[in-house]
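Asker: Give me a model of this one.
(one chain, ligands or ions: 2)
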Amino acid sequence: MLKAENLSVNFVVRHNPLVRLKHPDHTIKAVSDVSITLEKGEILGLVGESGSGKTTLARALAGLVRPSAGVVEYKGQDLQKMEDPEFKKYRREVQLMLQDSDATLDPRMRVTGLLEEPLKINRHLNKAEMQQSVSAVMEKTFIPPSLSGRYPVELSGGQRQRVSLARTILVRPEIIIADEPLSGLDTILRYQLLRLMLELKEEYGLSYLLISHDLQMVSSVCSRLAVMYRGKLVEVMGKENISQAVHPYTKMLMAGLALELEDGHDLHHHDEDGCGCGFAGRCPLHLPVCHQEAPPLKMVYENHLCACHLI
Ligand SMILES: Nc1ncnc2c1ncn2[C@@H]1O[C@H](COP(=O)(O)OP(=O)(O)OP(=O)(O)O)[C@@H](O)[C@H]1O
Ligand SMILES: [Mg+2]
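Answerer: Ligands and ions are numbered 1, 2, ... in the order given. Next comes the predicted model:
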């Protein structure tokens, strides 16, 4: 349904002239040659540590950032070639829920206004129909009527996340790309929100791309899991294969080691020219070839892809 093919997104970091003497302008390969498909009705989990390119990939799939190379296709159509009405339809059907709901909710609007907004933009309803849709979605997302008149600052983190989710649902999307929807919530709220997302998925026939640092949480609900490292996909596997992950980085993530190791490192200063495996410098099992050639993502078992010279 939604497909990325050999997708790359580069950012050029420019410094002012004084800084440039020491640090020349450079290109960050935030997403590098990524091919992945989100099928109808599935939950594709995407994990990887901070800076690995998850949000950039999400933004490219949602049409918010232009790829430097490769294509994004929605229902078989190349985004770059879509005419205006098709592009609008795609922008409605593929919704991005952002990491930080505090920043996405207008602080000057009350809950009711925030929930009416997507209806005004995307659908033409009269006042009564609008009120009906808003109260129906509030009930579904467990937002009590007593919160209707509150501003975002007067809500708890969990309530804000539910308002964000309700706003997304109101647009009647087919795909929700949820970037860290559960961050900043305590464990009980995380599971509540996750359960709510799963219920809404069934009710509306949604598909999700679910992005998170939390491998355990994502793997408990996803149908497939993709692991990203320094802009590249290193492993993609069906739910049934998660316990048999083979990439050394995925194994480290599973053991909870990766984040600590990466602390304080600038992820993009190694392997800038793209030769060699991005993970070779940290890999306990690396071979000489790992520093010379980037391993392609290849099939290791059915429904299981991995990019590693050792496999
Ligand atoms: N607009 C931008 N301009 C320059 N560099 C950027 C921009 N957006 C992201 N980057 C860089 O691209 C890389 C990938 O960033 P991205 O936000 O996609 O990572 P992420 O996996 O979502 O991280 P996190 O888990 O912290 O949210 C990072 O090195 C980041 O600094
Ligand atoms: Mg991110």
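Asker: Strands of the chain, residue ranges please.
Answerer: Using DSSP state E, the strands of the chain run over residues 2-13, 26-38, 43-47, 69-74, 77-78, 94-97, 175-179, 207-212, 224-229, 232-238, 298-301, 304-306.
Asker: what inclination does the second one have with respect to strand 232-238?
Answerer: With axes from the mean of the first three to the mean of the last three CA atoms, to 10 degrees applied, the angle from strand 26-38 to strand 232-238 works out at 20 degrees.
Asker: Can you tell me the strand partners of strand 26-38 and which way each runs?
Answerer: Its sheet considered, strand 26-38 pairs with strand 2-13 (antiparallel) by DSSP bridges.
Asker: how about the partner strand, does it get close to ligand 1?
Answerer: Yes - using CB under 6 Å from any ligand atom, strand 2-13 comes into contact with ligand 1 via 11, 13. Using the backbone N, CA and C atoms, a C-beta is placed for each residue, glycine as well.
Asker: Can you give me every residue that contacts residue 287?
Answerer: 309, 310 (CB atoms under 8 Å, 6 or more residues apart in numbering).
Asker: got the phi/psi numbers for it?
Answerer: Main-chain torsions, residue 287, degrees, to the nearest 10: phi -110, psi 170.
Asker: Residue 166: what's it in contact with?
Answerer: Taking CB under 8 Å, 6+ apart as the test, what residue 166 contacts is 115, 137, 138, 140, 141, 143.
Asker: Skip the chain neighbours and tell me the closest residue to residue 48.
Answerer: Closest residue to residue 48 apart from its sequence neighbours, by CB to CB, 6 or more residues apart in numbering: residue 228 at 3.5 Å.
Asker: if we can go back for a sec, quick one: the contacts of residue 166 as CSV, columns for neighbour count, pLDDT and distance to ligand 1 too.
Answerer: Shown next, in CSV, are the contacts of residue 166 (neighbours: other CB atoms under 10 Å; pLDDT from 0 to 100; distance: CB to the nearest ligand atom, whole Å):
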residue, neighbour count, pLDDT, distance to ligand 1
115, 25, 95, 27
137, 22, 92, 28
138, 20, 94, 29
140, 17, 89, 28
141, 24, 89, 24
143, 22, 93, 26
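Asker: Which members of those are the farthest-apart pair?
Answerer: 115 and 140 (11.5 Å; CB to CB).
Asker: Kindly report the residues of this structure close to ligand 1.
Answerer: 11, 13, 28, 30, 48, 50-56, 213, 267-268.
Asker: Show me which of the residues you listed are buried.
Answerer: Among the residues of the chain next to ligand 1, those scoring as buried are 28, 30, 48, 51, 52, 53, 54, 55, 56, 213, 267, 268 (criterion: 16 or more other CB atoms under 10 Å).
Asker: Narrow those to those in helices?
Answerer: 54, 55, 56 (DSSP state H).
Asker: Please name the nearest non-neighbouring residue to the second one.
Answerer: In this case it means residue 55. In space, residue 55 is closest to residue 179, 5.5 Å off (CB to CB, 6+ apart).
Asker: Equivalent analysis for residue 310, please.
Answerer: Residue 310 sits nearest to residue 285 (CB to CB, 6+ apart), 5.6 Å away.
Asker: How about residue 115?
Answerer: Nearest to residue 115 is residue 134, by CB to CB, 6+ apart, at 4.6 Å.
Asker: Over to residue 145?
Answerer: Nearest to residue 145 is residue 138, by CB to CB, 6+ apart, at 6.8 Å.
Asker: I'd say the one you found and residue 115 touch.
Answerer: Yes - assessed by CB atoms under 8 Å, residue 138 is found in contact with residue 115 at 7.0 Å.
Asker: Low-confidence ranges, the stretch 1-150 of the chain, go.
Answerer: Scanning the stretch 1-150 of the chain with the threshold set as pLDDT under 70 gives 20, 99-102, 122.
Asker: er, the stretch 201-311 of the chain actually
Answerer: In the stretch 201-311 of the chain (pLDDT under 70), the answer is 257-274.
Asker: Just the helices from it, written as ranges.
Answerer: 215-221, 248-254, 258-262 (DSSP state H, counting those that start in this stretch).
Asker: among the ones you listed, which is the most enclosed?
Answerer: helix 248-254 (a mean of 21; mean count of other CB atoms under 10 Å).
Asker: Alpha carbons of that helix, as PDB, please.
Answerer: Extracted in PDB, the C-alpha atoms of helix 248-254 (Å, rounded to 0.1, in the frame of the first residue of the first chain):
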ATOM      1  CA  PRO A 248      24.500  -8.300  15.700                       C
ATOM      2  CA  TYR A 249      22.900  -4.900  16.100                       C
ATOM      3  CA  THR A 250      19.400  -6.200  16.600                       C
ATOM      4  CA  LYS A 251      20.800  -8.600  19.100                       C
ATOM      5  CA  MET A 252      22.400  -5.800  21.000                       C
ATOM      6  CA  LEU A 253      19.200  -3.800  20.900                       C
ATOM      7  CA  MET A 254      17.400  -6.800  22.300                       C
END
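Asker: Before I go, just wanted to say thanks for your time.
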